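Peer 1: sequence plus predicted model, see below.
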Amino acid sequence: MSITRGTIWAGLPTTTRGRPTHLSYDPRTQRLVYACHRSVVTLAVADGAATLYGGHTAAVTVAKFSPSGYYIASGDASGTLKVFDATAAVDPVTKGSYAVLAGPIADLAWDADSARVGAVGAGRETFGAFVTMDSGNSVGEVSGHSAAANAVAIRPVRPYRAASVDDDGALVFYTGPPFKFSSGVRGKHTNFVHDVAFQPAPAAAVLVSVGADRRAVVYDGKTGEVRFTVDAAHAAGVYAVAFARDDASQFATAGGDGVVRLWQLDADGAAATAAHTWTIGTRTVEDQQVGLVALDAATGYAFAALGLDGTLHYLARGGAGPAKSVYGHQKGITALAVAGDRVLTGSYDGRVLEWSADGVAAPAPVQHSNLVAGLAVVGGDVVSVGWDDTLRTAAGETALGAQPTAVASTAAAVYVLCADDTLKTYAAGSLSSAPVPAALAAAAVSTADGDLLAFASPSTVSVYAAGKLDAPVHTFAGPRSTPSVLAFSPSGTKLAVGDTSGKVALYSLAPGAVGTVLTTRWVFNTAKITAIDWLADESHVAVASLDTNIIVYAAADGKYGKNAKMLGAHKDGCTAVRFVDGGKRLVSVGADAAVKWWDVTLP
């Protein structure tokens with residue numbers, strides 16, 4: 001019995017309102033790289049194939065490809081810079097880890113030799129550093145800032161120059177290496193400066209900064225002297241700038257007005273005129289464009305823009321809007337449902353997505369304004385339950401009257417245990433409510449197609465007939481720790497109970513042996529059990545936990561001790577797991593906002 005890694009449907013970039021999010025692109029492999037929670041994601045533009053690097057212990061804030069494409073540098077909220085292998089499909093090797101700041105790293109930049117990295121952010125005594133990628137030795141200093149730095153860029157040709165911008169409206173220009181303060185430009189921006197970029201090689205004659213004052217300022221690439229200013233470049237703050245890869249005389253800007261605008265430099269680099277505009281979305285808050293990176297012609301797109309909601313928009317030349325939008329989860333995934341070839345996921349920001357077999361996500365008919373507590377497909381309709389205290393279908397929403405604490409479903413009904421000691425039952429398009437004994441209004445609820453309901457209190461497991469909650473059919477002592485998950489076997493003759501300590505106990509519900517403990521050997525998780533799923537033939541059970549691990553246990557008498565582990569399946573915790581394809585695969589979700597597939601080999 002074994003579990004091996006399969007396909008990853010990765011989460012989207014982490015964004016913060018009012019702040020830029022920096023992206024990077026490697027033309028050699030046609031992949032994007034970005035930060036997503038405590039992971040670094042590489043995403044193929046063509047098909048969405050993804051890899052994850054999980055070497056950070058703090059939230060990742062930025063990641064950038066080296067010009068060679070063989071390495072990635074990433075920074076996190078603790079001020080740690082890591083350099084790792086960009087070519088590995090699984091478990092990239094860390095080449096270096098360096099503490100460069102006493103606060104979050106906001107941006108990184110490589111030199112053209114792929115040998116040096118500039119890092120800037122919100123430090124204490126300094127707002128950045130220049131270091132060698134292989135040893136972390138200093139090759140310059142970031143100075144001249146009086147507030148947190150937001151972005152850094154290094155001129156891609158010799159003689160090398162560097163520039164960084166900050167919250168105080170300043171651009172600082174450096175010569176090097178080693179990089180040293182050359183000059184500071186103040187007064188050209190009147191608010192936060194969000195991003196800066198040099199013109200690509202071979203000219204690299206200018207650099208551009210953009211900021212919250214809606215301006216773009218163009219400087220000489222060798223001296224840092226101001227050439228001109230584009231006022232009112234957007235109707236709202238400008239968050240990102242990127243030069244086109246197929247025409248170095250053009251650069252694009254992304255703004256909070258939901259627009260990406262292309263600018264054409266004149267032959268002398270002394271002025272810029274608007275050449276094209278892409279309008280994205282309906283100009284809601286989520287449509288603010290906070291990130292931008294240039295792609296190459298081989299992808300069929302000119303730029304990739306990032307919305308505040310994490311959606312990636314691929315922009316083709318001449319288009320009025322996105323040629324393609326990539327949806328996914330930006331927050332941790334809290335709910336999972338599988339029905340045939342339909343995969344549904346919900347996250348703690350209320351987003352519900354439906355995934356096709358090739359990993360393309362689209363918003364589901366139902367959405368929530370808060371954490372999605374449960375998902376199900378009943379009679380072909382998507383049913384979701386959220387912490388906005390509603391149950392929703394495509395036909396509308398129904399108020400639950402209290403916060404849901406546990407959700408379970410069969411092919412015909414959804415059961416919701418609520419904090420007001422009631423059980424709500426949704427079936428045949430209607431919602432009914434029944435009181436639950438207060439002693440049972442606790443951790444979990446599960447259902448079996450034989451119209452059985454199981455509830456758990458901190459010390460007792462009770463089984464009821466559906467619709468008859470006045471008296472239990474069976475009652476027996478539960479596990480030592482508080483139960484967190486209940487799962488009937490498909491036949492309804494066994495009940496697996498996971499608890500908050502990471503243990504799973506298996507009980508018999510067979511006549512004459514109700515409450516008999518079949519095994520207490522499923523003890524290899526070390527944190528709260530979040531999900532249990534039975535294989536249809538009842539031979540195996542898949543268990544997910546907040547300890548990041550997935551474990552498949554043999555559920556046949558005499559084989560209870562056999563198991564297969566996937567350690568570190570989801571960074572920060574696995575929240576749900578399901579068997580698919582008759583047990584040949586598993587699909588899981590977690591706090592890393594990713595949907596992951598696993599190949600399973602069973603006896």
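Peer 2: Sure thing, it's come through. These numbers come from a predicted model, not from an experiment.

Peer 1: the strands in the stretch 51-200 of the chain, which residues?
Peer 2: 60-65, 71-76, 80-85, 94-99, 105-110, 116-121, 128-132, 138-141, 149-154, 161-166, 171-175, 180-185, 193-198 (DSSP state E, counting those that start in this stretch).

Peer 1: ok, which of the ones you listed comes nearest Ala434?
Peer 2: strand 60-65 (46.2 Å; Cβ to Cβ). C-beta here means a position set from N, CA and C on the backbone, and glycine is covered the same way.

Peer 1: can you add mean pLDDT and give the strands of the stretch 51-200 of the chain back as a markdown table?
Peer 2: Below are these laid out as a markdown table (pLDDT from 0 to 100):
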| stretch | mean pLDDT |
| --- | --- |
| strand 60-65 | 98 |
| strand 71-76 | 98 |
| strand 80-85 | 98 |
| strand 94-99 | 97 |
| strand 105-110 | 98 |
| strand 116-121 | 98 |
| strand 128-132 | 97 |
| strand 138-141 | 95 |
| strand 149-154 | 98 |
| strand 161-166 | 98 |
| strand 171-175 | 98 |
| strand 180-185 | 96 |
| strand 193-198 | 98 |
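
Peer 1: which one of the ones you listed lies nearest to Ser588?
Peer 2: Ser588 sits nearest to strand 60-65 of all the strands of the stretch 51-200 of the chain, at 20.9 Å, using Cβ to Cβ.

Peer 1: partner strands of that closest one and their direction?
Peer 2: Sheet partners assigned to strand 60-65 using DSSP bridges are listed as strand 71-76 (antiparallel).

Peer 1: Asp547 and Ile532, how far apart?
Peer 2: Distance of Asp547 to Ile532, given as Cβ to Cβ, to the nearest Å: 15 Å.

Peer 1: who's more crowded, these two?
Peer 2: Remark: of Asp547 and Ile532, Ile532 carries more neighbours, 26 against 20, as counted by other Cβ atoms under 10 Å.

Peer 1: and for whichever strand or helix holds that one, what are the contacting residues?
Peer 2: For Ile532, the host element (DSSP states H and E) is strand 529-534. Under the criterion Cβ atoms under 8 Å, 6 or more residues apart in numbering, residues 336, 484-490, 496, 498-500, 502-504, 540-546, 555, 573-579 lie in contact with strand 529-534.

Peer 1: can you turn the buried part of the residues you listed into a PyMOL selection?
Peer 2: To isolate the buried members of the contacts of strand 529-534 in PyMOL, using 16 or more other Cβ atoms under 10 Å:
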select buried, resi 336+484+485+486+487+488+489+496+498+499+500+502+503+504+540+541+542+543+544+545+546+555+573+574+575+576+577+578+579
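
Peer 1: before we move on, what SS does Phe582 have?
Peer 2: No, residue 582 isn't Phe; it's Gly. Under DSSP: H, G, I helix; E, B strand; the rest coil, Gly582 falls in the helix class.

Peer 1: tell me the pLDDT of it.
Peer 2: At Gly582, the model reports a pLDDT of 91.

Peer 1: hmm, it is touching Ala536, no?
Peer 2: Yes - contact criterion Cβ atoms under 8 Å: Gly582 and Ala536 qualify, at 7.1 Å.

Peer 1: mind splitting this structure into its structural domains?
Peer 2: 8-242, 333-601 (automatic domain parsing).

Peer 1: and those, which one is worst for confidence?
Peer 2: Among the domains of the chain, domain 333-601 scores lowest, at a mean of 91.

Peer 1: quick one: end-to-end distance for stretch 544-558.
Peer 2: 23 Å (Cα to Cα, to the nearest Å).

Peer 1: I appreciate the help and will end here.
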